[in-house]
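Colleague: build the 3D model from these lines:
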Amino acid sequence: MGIEIEKKYTIKVLPEDLLSFPFHEIEQGYLNTDPAIRVRKEDAAYYMTYKGQGVMKHTEYNLPLDEISYRHLLKKADGNIIRKKRYLIPLNADAYTAQYLQNNPLLAEKIRNREMVIELDVFQDPFEQIVIAEVEFPTEEAAVQYQPADWFLKDVTLNRTYSNSYLSSLKQK
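Modeller: So this is what the prediction gives:
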């Protein structure tokens, strides 16, 4: 069992050097949205994920799938199939005060080792107008102390309408 602690943000502007960062191609469908049960293809990896209740903090289980199982389950997905490009951008240098990092050496090490990054999701059709930045944290305290990047606009962590499971359920015109 894993615990995921993450915050989500809308953005003011895309980073100028966006294309210089590594990225993943993601496709996912939801078999259920409450609780969230999804199947995902991330590059050449396939898995099923269960996400428990909670917004910023929730349990998350990932089970590996092969491509045949993924394709079979994707056909059973309800609603929209989500497709996006996820860019992996180094955490902003001013994310934490020097004092906070001094008092939390394990967090400082995670940042130095690039184990903490900004995941910038650039959605594709039918949601190509949506771009969301996510940051995952090792602790709730680290999430609370985090200072957003200056190119972030609004914290939408508690707004369910920015969740992928919600987007999958929207009716298309």
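Colleague: let me see the ranges of the helices in the chain.
Modeller: All helices of the chain, identified by DSSP state H, fall at 67-74, 98-103, 105-112, 140-145, 164-169.
Colleague: kindly compare burial across these and name the winner.
Modeller: Ranked by mean neighbour count, the helices of the chain are led by helix 164-169 with a mean of 18 (mean count of other CB atoms under 10 Å). From N, CA and C alone the C-beta is placed, and that goes for glycine too.
Colleague: so where's this protein shaky on pLDDT?
Modeller: 1, 172-173 (pLDDT under 70).
Colleague: nearest the middle, which residue of it would you pick?
Modeller: Closest to where the C-alpha atoms of the chain average out (CA atoms, centre = their mean) is residue 134, at 4.9 Å.
Colleague: is it bridged to anything, and to what?
Modeller: Taking DSSP bridges as the rule, residue 134 bridges to residue 8, residue 119.
Colleague: can you pull out the strands in this structure?
Modeller: Here the chain has its strands, by DSSP state E, at 2-11, 23-33, 36-42, 45-51, 57-65, 78-90, 117-123, 131-136, 152-155.
Colleague: and the shortest one, what other elements does it pack with?
Modeller: If I follow you right, that is strand 152-155. Contacts defined by 3 or more CB pairs under 8 Å, 6 or more residues apart in numbering; DSSP states H and E place strand 152-155 against strand 2-11.
Colleague: then the longest one?
Modeller: Taking 3+ CB pairs under 8 Å, 6+ apart as the contact definition, the neighbouring helices and strands of strand 78-90 are strand 23-33, strand 117-123, helix 164-169.
Colleague: picking up where we left off before, among the helices of the chain, which comes closest to residue 155?
Modeller: For residue 155, the closest of the helices of the chain is helix 140-145, at 10.6 Å, according to CB to CB.
Colleague: contacts only, for the closest residue to residue 132 other than its chain neighbours.
Modeller: Using CB to CB, 6 or more residues apart in numbering and skipping the chain neighbours, the partner closest in space to residue 132 is residue 121 (4.9 Å). Residues in contact with residue 121 (CB atoms under 8 Å, 6 or more residues apart in numbering) are 26, 84-86, 130-134.
Colleague: mind putting the strands of the chain into JSON lines with distance to residue 107?
Modeller: Shown next, in JSON lines, are these (distance: least, CB to CB, whole Å):
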{"stretch": "strand 2-11", "distance to residue 107": "12"}
{"stretch": "strand 23-33", "distance to residue 107": "24"}
{"stretch": "strand 36-42", "distance to residue 107": "26"}
{"stretch": "strand 45-51", "distance to residue 107": "24"}
{"stretch": "strand 57-65", "distance to residue 107": "16"}
{"stretch": "strand 78-90", "distance to residue 107": "15"}
{"stretch": "strand 117-123", "distance to residue 107": "14"}
{"stretch": "strand 131-136", "distance to residue 107": "12"}
{"stretch": "strand 152-155", "distance to residue 107": "19"}
